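Student: Show me how the following folds:
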Amino acid sequence: MGSSGALTRSVRRLLGRAGSVGAGPLGRSVARAGEREAALRELSPTGLRAAAQAARGTDDHVEVCALGREAARRALGERAFDVQLEGVLSLLRGTVVEMATGEGKTLVGALAAAGFALGGRRVHVLSVNDYLARRDAEWMGPVYDLLGLTGGCVDQHSTWEQRRDAYRRDIVHVAVGEVGFDTLRDRLRTDATRAVLPPPDVAIVDEADAVLIDEARIPLVLAGGVEAGAGDARAAHAVADLVEGKHYECEPDRLTVHLTDEGLVEVERVLGVDDLYAVGMGEQLSRINVALYARALLHRDVDYVVAEDRISLVDTNRGRLARRQQWPDGLHAAVEAKEGLTGGPRGEILDQLIVQDLIASYRTVAGMTGTAVVVAEQLREFYRLETGDLPPNVPCVRVDEDDRLYIDGKSRDAALITVVERAHASGRPVLVGTPDVSTSERIGDALRDSGLDCAILNARDDTQEAAIIARAGAVGAITVSTQMAGRGTDIRLGGPDGADHERVAELGGLLVIGVGRYHTRRLDDQLRGRAGRQGDPGTSIFLTSLDDEPITRHAPDPPRLSRVDEDGRVFDAAARRHVEHAQRVAEGALSDTHRTTWRYNQQLHLQRVEVLDRRRRILEGDEARPVLEERCPQRWAELTDTVGEAVLAEAAREILLYELDRAWSDHLAFTAELREGIHLRALGRQSPLDAFHAETRRAFADFTTRVDTAAADRLRTAHITEAGLDPTRSGLHRPTSTWTYMVTDNPFGTPDDRVAAYLRGLIRPASRND
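Tutor: All right, here's what the predicted structure looks like:
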């Protein structure tokens, strides 16, 4: 298996394919770093710190590796392997590195961060969540200290003072969403001294595939002001008792839903209206459609959970609660109404930023993950990043068995219980990976009913996930986990301390069982990678059924079967190909969604860059004064005589900033509404994307003029005294509170789906009225 992988890498490299960056030439540098090891061991802590300071600004990567290895040995008791130093050197070249689970990616990232910092760069080590950011900052802090570097951490509980202090340090560990929210908040500061972030410099991205691919298209949102969610409960009540097949129909892919004629009549009866399609009923009809989607296609304990009287989305890529994510287009409010909950805060979007644009703002980006090569083409396309994989320090001996395919979920689950029973009887630890919360709980209940005690790790309780996943390698342990919950924590054979390592190894190591394929091979590989760390034995196997959701959604027409045994196991080669085809279709759909989101966002991104550049000139310079003095010369002269030039200039700055921010928020609202309906342009044989860009450019063409005119009008009536501008009496009503959240993927299907649904909506009322 090792020689086959090496041959594949060589062929990719020869053809210049993405994912083919090799570490071969780095071996000489690693060897030279090894030559420094004996001398550095003789140094005192002060001497080691002095040697590190002598390397500052030199970009001597060999010395950085040698110093980092020695600092880690002293601070952590861990001597970096040669292959880890190859990883450090790869990151210092700005590469995304694939390293297998258990190969020490955290240390590699920390030593690379130290290398950049010693070179005079300011480094953000970006994680997928607060837990990993805090853990790694505390874990690697002593290493930074030995090298004379300062490290810090930012999480969602950090105060303004703590954020400013952390971001001023050489290296800061922070969740990608948190640095994104700080970017948004800094964009709307009215006092430049209140900004917490320095200009973005170096980003080292941990779990790079999750951040750069899975979360890249998710908008981070800064919102302000509160508006009532009136009408949501009424719409939820109107669809609450509708019956599928009678009152509404769902498409086979479960992405779209629409009312039948009978359903439309029933909704109109409940609402007490004559015609939902009449002029002036557009908002009510929209609420009904969204409420129906929430009622029919979003499921509790699969797509979201209800905890502490609030809706929390489930991150489908990692199985964790996405506590700061919301659905767009009123859908979040509709689900709250469906569950009978009091709606959370809703208001206008003040600014937004997609993760992909955040990452692109850094001068240098590098990263590491266990599954990078499979997304190498996307990393090259969207980030111009090259990718390479490093061999494990000890060859992987994990056995990846062929999938076992079953006719339906019931047969598969029965087979799963049997496999777990056999493994558990010998004491072998078992990890069962499931696609969602409800499946994890169903499997957990089935195991317990069979007398098999198990720990369930899912989105309901992610606070203890690291501790639970760390115990998954203990003798006799059975752990049921949603996809990649506990990611970032190693599973050691024999338990957290490895006490029974040899016993578990003799039993075959950890047995990983996947309950059905995920929507990408990458997630399958991540689950498999839980077994076989650092040369340990292990086995992975996926038990799949033909009625699994990814298969029925992306390949709804299964082949005819001829080889099915009495237990429901399918042996037809065509059926296996069908499963693989469904996964390829799902991967293609995800890639297309990413690409489409990126294309739609480009025009808005360029406009935001232009607005931010002007905002910086207003905030830090003197641009406001000449603009308003030229447009309101008489008013300016009057105010100068009674107020003074300096006070008036500051008032002008506040007014122009307010109108600029107000106009940008309005522009975001316009583009959001435009995009919601732009797919209908396809009916007129127009490209929705081209139409969106044309309309957005047209709306933005006079943006600066409108801002300046509004600011001049504001100045004419503003209340300004010697004490300065009175914002309240002058009508500058900025939000009294703001909050941040992420908007998860739009669940309403592709543009084609939405055009088809719209056409059905046009046809059905007509047939009813005829």
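Student: tell me the contacts of the residue most central in space within the chain?
Tutor: Centroid-nearest residue in the chain, with CA atoms, centre = their mean: residue 215, separated by 2.5 Å. Listed by CB atoms under 8 Å, 6 or more residues apart in numbering, the contact partners of residue 215 are 128, 176, 177, 317, 355. For glycine as for every other residue, the C-beta is placed from the backbone atoms N, C-alpha and C.
Student: Next, the closest residue to the second one other than its chain neighbours: secondary structure please.
Tutor: Put plainly, it is residue 176. Spatial nearest neighbour of residue 176, chain neighbours left out: residue 126 (4.5 Å); criterion: CB to CB, 6 or more residues apart in numbering. Using DSSP: H, G, I helix; E, B strand; the rest coil, the structure places residue 126 in strand.
Student: Residue 126: neighbour count?
Tutor: A total of 31 residues lie near residue 126 under the criterion other CB atoms under 10 Å.
Student: where's it relative to residue 36, distance?
Tutor: Using CB to CB, to the nearest Å, we find residue 126 at a distance of 30 Å from residue 36.
Student: likewise residue 413?
Tutor: 57 Å.
Student: right, and the residue nearest to residue 176 touches residue 203 too?
Tutor: Yes - taking contacts as CB atoms under 8 Å, residue 126 lies within contact range of residue 203: 5.6 Å.
Student: Name the helix or strand for residue 84, please.
Tutor: Assigned by DSSP states H and E, residue 84 belongs to helix 82-92.
Student: Please save the CA atoms from that helix in PDB.
Tutor: Backbone C-alpha positions of helix 82-92 (Å, rounded to 0.1, in the frame of the first residue of the first chain) are rendered in PDB as follows:
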ATOM      1  CA  ASP A  82      12.300  14.300  11.000                       C
ATOM      2  CA  VAL A  83       9.000  14.000   9.100                       C
ATOM      3  CA  GLN A  84       7.500  16.700  11.400                       C
ATOM      4  CA  LEU A  85      10.400  19.000  10.600                       C
ATOM      5  CA  GLU A  86       9.700  18.400   6.900                       C
ATOM      6  CA  GLY A  87       6.100  19.500   7.700                       C
ATOM      7  CA  VAL A  88       7.400  22.700   9.400                       C
ATOM      8  CA  LEU A  89       9.600  23.500   6.400                       C
ATOM      9  CA  SER A  90       6.600  22.900   4.100                       C
ATOM     10  CA  LEU A  91       4.400  25.300   6.100                       C
ATOM     11  CA  LEU A  92       7.200  27.900   6.000                       C
END
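Student: thinking again about what came up before, now, which of the contacts of residue 215 lie within helices?
Tutor: Per DSSP state H, helices hold the following members of the contacts of residue 215: 176, 177, 355.
Student: can you list these in CSV and add neighbour count?
Tutor: Formatted as CSV, those follow (neighbours: other CB atoms under 10 Å):
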residue, neighbour count
176, 27
177, 26
355, 23
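Student: Dump stretch 188-208 to CSV, keeping only the CA atoms.
Tutor: In CSV, the C-alpha atoms belonging to stretch 188-208 read as follows (Å, rounded to 0.1, in the frame of the first residue of the first chain):
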residue,chain,number,x,y,z
LEU,A,188,-17.3,49.6,11.9
ARG,A,189,-15.2,51.3,14.5
THR,A,190,-15.7,55.0,14.7
ASP,A,191,-12.5,55.4,16.7
ALA,A,192,-9.4,54.0,15.1
THR,A,193,-7.8,53.4,18.5
ARG,A,194,-10.5,50.9,19.3
ALA,A,195,-9.5,48.4,16.6
VAL,A,196,-8.1,45.2,18.0
LEU,A,197,-6.6,43.6,14.9
PRO,A,198,-3.3,44.4,13.3
PRO,A,199,-3.1,44.0,9.5
PRO,A,200,-3.4,40.3,8.6
ASP,A,201,0.0,38.8,7.9
VAL,A,202,0.4,35.0,8.4
ALA,A,203,-2.3,32.4,8.8
ILE,A,204,-1.5,28.8,9.7
VAL,A,205,-4.8,26.9,9.3
ASP,A,206,-5.3,23.8,11.4
GLU,A,207,-7.8,21.3,10.0
ALA,A,208,-7.3,23.2,6.7
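Student: For the longest helix seen in the chain, name the packing helices and strands.
Tutor: Longest helix in the chain by number of residues (criterion: DSSP H): helix 573-620. Applying 3 or more CB pairs under 8 Å, 6 or more residues apart in numbering; DSSP states H and E, one finds that helix 573-620 makes contact with helix 355-360, helix 376-383, strand 404-406, helix 549-554, helix 645-677, helix 688-700, helix 703-717.
Student: So which of those is the most surrounded?
Tutor: Highest mean neighbour count of the helices and strands packed on helix 573-620: strand 404-406, a mean of 24 (counted as mean count of other CB atoms under 10 Å).
Student: what sits up against the helix or strand following that strand?
Tutor: Proceeding N to C from strand 404-406, the next assigned helix or strand is helix 409-426, under DSSP H and E. Residues outside helix 409-426 that contact it (CB under 8 Å, 6+ apart): 404, 406, 430, 432, 442-443, 446-447, 450, 452, 476, 478, 507, 511, 513, 515-516, 541, 543-545, 547-548, 567-569.
Student: can I get the CA coordinates of helix 409-426 in CSV?
Tutor: C-alpha atoms of helix 409-426 as CSV (Å, rounded to 0.1, in the frame of the first residue of the first chain):
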residue,chain,number,x,y,z
GLY,A,409,-31.1,0.5,6.9
LYS,A,410,-32.8,-2.2,9.0
SER,A,411,-30.6,-4.9,7.7
ARG,A,412,-27.5,-2.8,8.0
ASP,A,413,-28.2,-1.9,11.6
ALA,A,414,-28.7,-5.5,12.5
ALA,A,415,-25.4,-6.4,10.9
LEU,A,416,-23.8,-3.5,12.8
ILE,A,417,-24.9,-4.9,16.1
THR,A,418,-23.4,-8.2,15.2
VAL,A,419,-20.1,-6.8,14.3
VAL,A,420,-19.9,-4.7,17.5
GLU,A,421,-20.9,-7.7,19.6
ARG,A,422,-18.1,-9.9,18.2
ALA,A,423,-15.4,-7.2,18.6
HIS,A,424,-16.6,-6.3,22.1
ALA,A,425,-16.6,-9.9,23.3
SER,A,426,-12.8,-9.9,22.9
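Student: Can you mark which positions in it are buried?
Tutor: 409, 411, 412, 413, 415, 416, 419, 420, 423, 424 (16 or more other CB atoms under 10 Å).
Student: Could I get these in JSON lines, plus columns for distance to residue 623?
Tutor: JSON lines is the format used below for the buried residues of helix 409-426 (distance: CB to CB, whole Å):
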{"residue": "409", "distance to residue 623": "64"}
{"residue": "411", "distance to residue 623": "70"}
{"residue": "412", "distance to residue 623": "65"}
{"residue": "413", "distance to residue 623": "66"}
{"residue": "415", "distance to residue 623": "70"}
{"residue": "416", "distance to residue 623": "66"}
{"residue": "419", "distance to residue 623": "69"}
{"residue": "420", "distance to residue 623": "68"}
{"residue": "423", "distance to residue 623": "69"}
{"residue": "424", "distance to residue 623": "71"}
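Student: gap between the nearest residue to residue 681 once chain neighbours are set aside and residue 494?
Tutor: Using CB to CB, 6+ apart and skipping the chain neighbours, the partner closest in space to residue 681 is residue 691 (4.4 Å). Going from residue 691 to residue 494 by CB to CB gives 61 Å.
Student: Check which helix or strand residue 639 maps to.
Tutor: Counting by DSSP H and E, the element that carries residue 639 is helix 633-643.
Student: and what of residue 365?
Tutor: strand 364-369.
Student: Any figure for the gap between the residue sitting furthest away from the middle of the chain and residue 647?
Tutor: The outermost residue of the chain relative to its centre, with distances by CA atoms, centre = their mean, is residue 641 at 54.5 Å. Distance of residue 641 to residue 647, given as CB to CB: 12 Å.
Student: Over to residue 235?
Tutor: Residue 235 sits 51 Å away from residue 647, going by CB to CB.
Student: got it, and residue 551?
Tutor: Separation of residue 551 from residue 647 (CB to CB): 69 Å.
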